[in-house]
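K.L.:
dropping the sequence and predicted coords here.
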Amino acid sequence: MGIVATRQNDMVSGLMAEYALGSLSEPVRVLMESHLELSSDARSWLSDIETVGSVVSADKPMRFDTHVLDAVEPVDLSDRDASLDAIWKMIDSDPKADDEASSMPKALQSYIGMPMADVPWKSVMPGLAEYKLPEKNGAEVSLIRIDSGKAVPVHTHHGAEITLVLQGGVSDESGHYGVGYIALADDDINHKPLADKGEVCICFAVVDAPVELTGPIGRLMNSFRR
């Protein structure tokens, strides 16, 4: 558990470094900006990275894993400083947002074009729903809704999955993830994320290759997935 948790932290730190360099694809950039809106610790970490950022060459971006999101083309963030200023202003101007508003960071709402209340969820199975956005930069992008105490079918990955918790919480063998936390999974992980009891869990996920459901029910569902 300690090794897994350390690896998770290292990969998230790598993502933050890539964000500071402006080298992330658009969906992952939006995920990171949403993470910054939700996490004061992340904002502090970003400031630390930028303090020493001058020693890192922008033409040699860090990778948080040698094989993660290799197929995704990065897009330029033309005015990252302005984007960050907007994030800080949003946070400062609305420190006590209601639950519905706080579950949809403004960076994400701008990206998908609607508030959480208007998301047209599509049921995947009892207790699990999804809203798929158009593929972007070679990645599958979606919102995932897991009912209280329910689990996503056990699955593995043929690439990387980056998940940001927007509401509620979820656990797997790598740990527990609450609002604002990022969980990363790849082909070394076979897991069954379980939503906390007492609250619906909503996540934003970016995946660079289709997941593979590995349990008995999941293998049946695979035949119906595109």
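P.N.:
Cool, got the structure. Numbering: from 1, shown residues only.
K.L.:
for the lengthiest helix in the chain, name the packing helices and strands.
P.N.:
Of all the elements of type helix in the chain, the one with the most residues (DSSP state H) is helix 2-21. When contacts are defined as 3 or more CB pairs under 8 Å, 6 or more residues apart in numbering; DSSP states H and E, helix 2-21 packs onto helix 26-38, helix 40-51, strand 175-177, strand 182-185. Bear in mind the C-beta positions are built from the backbone N, C-alpha and C, glycine included.
K.L.:
and these: which comes nearest Met16?
P.N.:
Closest approach to Met16 among the helices and strands packed on helix 2-21 (CB to CB): helix 40-51, 5.8 Å.
K.L.:
so which residues of the protein form helices?
P.N.:
Listed in chain order, the helices of the chain (DSSP H) span 2-21, 26-38, 40-51, 80-93, 99-102, 106-112, 216-222.
K.L.:
what average pLDDT does the shortest one get?
P.N.:
This means helix 99-102. Mean pLDDT, helix 99-102: 44.
K.L.:
what of stretch 117-129?
P.N.:
Model confidence over stretch 117-129 averages 94 on the pLDDT scale.
K.L.:
equivalent analysis for stretch 23-30, please.
P.N.:
If you average the pLDDT over stretch 23-30, you get 94.
K.L.:
C-alpha coordinates for that stretch, PDB please?
P.N.:
Only the C-alpha atoms of stretch 23-30 are listed here, as PDB (Å, rounded to 0.1, in the frame of the first residue of the first chain):
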ATOM      1  CA  SER A  23       2.800  20.400 -22.100                       C
ATOM      2  CA  LEU A  24      -0.400  18.600 -21.300                       C
ATOM      3  CA  SER A  25      -3.200  17.700 -23.800                       C
ATOM      4  CA  GLU A  26      -6.400  19.800 -23.400                       C
ATOM      5  CA  PRO A  27      -8.500  17.300 -21.500                       C
ATOM      6  CA  VAL A  28      -5.700  16.600 -18.900                       C
ATOM      7  CA  ARG A  29      -5.000  20.400 -18.700                       C
ATOM      8  CA  VAL A  30      -8.700  20.900 -17.900                       C
END
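K.L.:
Serialize the helices and strands packed on helix 2-21 to TSV and add fields for distance to Gly168 and mean neighbour count.
P.N.:
As requested, these are exported to TSV (distance: least, CB to CB, whole Å; neighbours: other CB atoms under 10 Å):
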stretch	distance to Gly168	mean neighbour count
helix 26-38	13	24
helix 40-51	19	14
strand 175-177	10	16
strand 182-185	13	24
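K.L.:
now for the ones you listed, which one comes closest to Pro115?
P.N.:
Minimum separation from Pro115 across these (CB to CB) falls at helix 26-38, 13.8 Å.
K.L.:
that closest one vs helix 2-21, what angle?
P.N.:
Angle between the axes of helix 26-38 and helix 2-21 is 100 degrees (criterion: axes from the mean of the first three to the mean of the last three CA atoms, to 10 degrees).
K.L.:
look up how far Gly169 lies from the residue nearest to Leu128 when sequence neighbours are not counted.
P.N.:
Computed as CB to CB, 6 or more residues apart in numbering, the closest residue to Leu128 that is not its neighbour in sequence is Ile146, at 5.8 Å. Noted for Ile146: a distance of 10 Å to Gly169, by CB to CB, to the nearest Å.
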